[in-house]
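>>> Quick one: sequence and predicted model below, then my questions.
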Amino acid sequence: MTNKKSTSSLISDLKRKTRKKYSSEEKIRIIIQGIRGEDSIAELCRKEGISQTNYYKWSKDFMEAGKRRLAGDTMREANTSEVQELKGENHCLKELVAELSLEVRTLKKNVNGDD
């Protein structure tokens, strides 16, 4: 039983690691093809190698995002790389402010004669 369990978990891990990741552009392209209705959703999903469940989940997310945007909600969630980039920029700006503050303090001391 343990051997069968480890084999099945190994297969699951392998499938998970080799699963294709779709970019947002690819998802949008697939959803728009489905909306056009040139092919059935089942046929489209077969061609793209995705499950119909995935298609309908992506479609729902796409429609919800569009609905929020049309309602005037311009906020969006930042992805990890954007957050890391902003954190780095924030750190650099804080260092610059610290350096400039020290420089201003030094200049004030020199002007006031407080050596």
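All right, it came through fine.

>>> contacts, neighbours, all on C-alpha from now
Noted.

>>> quick one, domains of this structure?
22-75, 77-115 (automatic domain parsing).

>>> most packed of those?
Among the domains of the chain, domain 22-75 has the highest mean neighbour count (mean count of other Cα atoms under 10 Å), at a mean of 13.

>>> and that domain, how far out from the chain's middle?
17 Å (Cα atoms, centre = their mean, to the nearest Å).

>>> ditto for stretch 102-115
Chain-centre distance of stretch 102-115: 47 Å, with Cα atoms, centre = their mean.

>>> Need the residue closest to the centroid of the chain.
residue 79 (3.4 Å; Cα atoms, centre = their mean).

>>> what about that residue, distance to residue 18?
22 Å (Cα to Cα, to the nearest Å).

>>> before we move on, what about residue 103?
54 Å.

>>> and the domains of the chain as CSV, adding distance to residue 6 and mean pLDDT?
Output for the domains of the chain, formatted as CSV (distance: least, Cα to Cα, whole Å; pLDDT from 0 to 100):
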stretch, distance to residue 6, mean pLDDT
domain 22-75, 26, 91
domain 77-115, 33, 89
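
>>> Alpha carbons only: can I get stretch 27-47 in CSV?
C-alpha atoms of stretch 27-47 as CSV (Å, rounded to 0.1, in the frame of the first residue of the first chain):
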residue,chain,number,x,y,z
LYS,A,27,-5.8,32.9,-21.3
ILE,A,28,-7.4,36.0,-22.8
ARG,A,29,-6.8,34.8,-26.4
ILE,A,30,-8.5,31.4,-25.5
ILE,A,31,-11.4,33.1,-23.8
ILE,A,32,-12.0,35.5,-26.7
GLN,A,33,-11.9,32.5,-29.2
GLY,A,34,-14.6,30.9,-27.0
ILE,A,35,-16.7,34.0,-27.0
ARG,A,36,-16.5,34.3,-30.8
GLY,A,37,-18.2,30.9,-31.0
GLU,A,38,-16.4,29.7,-34.1
ASP,A,39,-15.8,26.4,-32.4
SER,A,40,-17.6,24.7,-29.5
ILE,A,41,-16.0,25.2,-26.1
ALA,A,42,-15.3,21.5,-25.9
GLU,A,43,-13.5,21.6,-29.3
LEU,A,44,-11.6,24.7,-28.3
CYS,A,45,-10.5,23.2,-25.0
ARG,A,46,-9.3,20.0,-26.8
LYS,A,47,-7.3,22.1,-29.3
